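> Following is a predicted model, sequence given first.
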Amino acid sequence: MYREEIKVLDCTIRDGGLINNYHFTYDFVKAVYRAGCESGIDIMELGKKLCESEEYTREKYGKWNFCDEDDIKLVVESHECENPPLLAVMYDVGRVDVSSLLPADQSVVGMIRTACYVPDIDKGLDLAKRTKDLGYQTTINIMASSAAIETELIEALQQVNEATEVDYLYLVDSYGAYYSEQVTDYLNLYKKHAPNKELGFHAHNNQQLAFANTQQAIIDGVNLLDATINGIGRGAGNCNLELLLNFLKNPKFDVGPIYKVIQEHFVPLRKEIEWGFNDIYGISGHLNQHPRNAMKHRANAGIRDNCYDFLLDATSDVP
């Protein structure tokens, strides 16, 4: 049996871009878009929409970090789709310029997702309001909830609950630290303090639990689920889209096009860049730590597989 109201959001390009500074080729993004269309995905996130500056340049950080309308149109127009997915981009608090955003009825994008940490919830809600005023569907993705002080998280949830401009509120396992029972506990917290909001869930795979935790979120009533093709994403990656579609058993989804794009584009890509579980990321997830140090360790060819050394270093400041 399946739950008809469940929607799947593919964030392959946005989350996957974190491992190559968003330097995906047009052909790669077009192939991902085609696979998403043909598989029946509900929403596709094609990158971030940052404000370009002397520090954040297109040449260094890639076009999919800025998601210009013309770039997205080239992708959309490359494949005729009878029921195209809703397109989304992500805002990061502090690095966006809403004044440059077209009204939704003039854009191929229909959803703006705002990512913010608990201390920046006011800024996140301001961005959500300004994008909602332009006609976009909106989400607030509260980052690193596992590391937030509970009283401050509750206050943030209560603020989101009162914000009519927010359509979806996301529980994000930024560090891949959650076990299934913690997913349930946090979702119960979200439901208690933000009962007016439809919930979403975004999992990371540091402890090889992204898929299992997404299943738990479904059991707990979440209806908007993030996933990426082949689990691509920063560090240990994300919930695998192909596994999720198989699990949902909804006849509107066809997983075949996803496996096709994996075979033709993701298998070759794995020879160039790394993503997915290994013991280094497993340690950082278990310790509820940001994956930046694990990624730095993996980037050092001489020690990249020295998991015991990483464990000693990662726990040196842990009481």
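Good, I have the coordinates.

> quick one: the strands in the stretch 151-300 of the chain?
168-172, 198-202, 224-227 (DSSP state E, counting those that start in this stretch).

> I'd like these as a markdown table, with mean pLDDT and distance to T57 appended.
Backbone N, C-alpha and C define where each C-beta goes, glycine included. Output for the strands of the stretch 151-300 of the chain, formatted as a markdown table (pLDDT from 0 to 100; distance: least, C-beta to C-beta, whole Å):
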| stretch | mean pLDDT | distance to T57 |
| --- | --- | --- |
| strand 168-172 | 98 | 27 |
| strand 198-202 | 98 | 28 |
| strand 224-227 | 98 | 28 |
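
> Out of the ones you listed, which gets nearest to L287?
Closest approach to L287 among the strands of the stretch 151-300 of the chain is made by strand 168-172 (17.9 Å; C-beta to C-beta).

> strands paired with that closest one, and their directions?
Using DSSP bridges, the strands paired with strand 168-172 are strand 137-142 (parallel), strand 198-202 (parallel).

> which residues touch the longest one?
Yep, that's strand 137-142 we're talking about. For strand 137-142, contacts defined as C-beta atoms under 8 Å, 6 or more residues apart in numbering pick out 86, 88, 90, 110-118, 121, 124-125, 128, 131-132, 148, 153, 156-157, 160, 163, 165-172, 200, 202, 224.

> what about L245, neighbour count?
For L245, the count of nearby residues is 23 (other C-beta atoms under 10 Å).

> who touches it in this structure?
V8, S39, F253, V255, I258.

> one more time with 10 Å
L245 makes contacts with 8, 10, 39-41, 227, 252-256, 258-259, as judged by C-beta atoms under 10 Å, 6 or more residues apart in numbering.

> Need the pLDDT of it.
Note for L245: predicted pLDDT of 98.

> So what touches the helix or strand of the chain with the lowest mean pLDDT?
In the chain, the helix or strand scored least confidently by mean pLDDT, DSSP states H and E is helix 58-61, which has a mean of 93. Defining contact as C-beta under 10 Å, 6+ apart, one finds that helix 58-61 is touched by 17, 21-23, 48, 50, 52, 55, 64-66, 68, 71.

> For the stretch 1-150 of the chain, which residues score under the pLDDT cut-off?
The stretch 1-150 of the chain contains residues with pLDDT under 70 at 1.

> For it, just list every one of the strands.
Going by DSSP E, counting those that start in this stretch, the stretch 1-150 of the chain shows strands at 7-10, 43-48, 86-92, 111-116, 137-142.

> Adding distance to M295, write those out as TSV.
Below are the strands of the stretch 1-150 of the chain laid out as TSV (distance: least, C-beta to C-beta, whole Å):
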stretch	distance to M295
strand 7-10	23
strand 43-48	18
strand 86-92	18
strand 111-116	18
strand 137-142	20
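
> closest to V75 out of these?
Between those, strand 43-48 lies closest to V75; by C-beta to C-beta that is 6.8 Å.

> From the contact counts, what lies against the closest one?
strand 7-10, helix 12-16, helix 26-39, helix 69-76, strand 86-92, strand 111-116, strand 224-227 (3 or more C-beta pairs under 10 Å, 6 or more residues apart in numbering; DSSP states H and E).

> do you know which of those lies nearest Y308?
Closest of the helices and strands packed on strand 43-48 to Y308 is helix 12-16, at 29.3 Å (criterion: C-beta to C-beta).

> Distance from the chain centre to the closest one, please.
7 Å (C-alpha atoms, centre = their mean, to the nearest Å).

> same for it, what does it pack against?
If you count contacts as 3+ C-beta pairs under 10 Å, 6+ apart, helix 12-16 packs onto helix 26-39, strand 43-48, strand 86-92, strand 224-227.

> now the ones you listed in JSON lines, with distance to R234 and mean neighbour count?
Formatted as JSON lines, the helices and strands packed on helix 12-16 follow (distance: least, C-beta to C-beta, whole Å; neighbours: other C-beta atoms under 10 Å):
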{"stretch": "helix 26-39", "distance to R234": "17", "mean neighbour count": "20"}
{"stretch": "strand 43-48", "distance to R234": "13", "mean neighbour count": "25"}
{"stretch": "strand 86-92", "distance to R234": "13", "mean neighbour count": "22"}
{"stretch": "strand 224-227", "distance to R234": "13", "mean neighbour count": "26"}
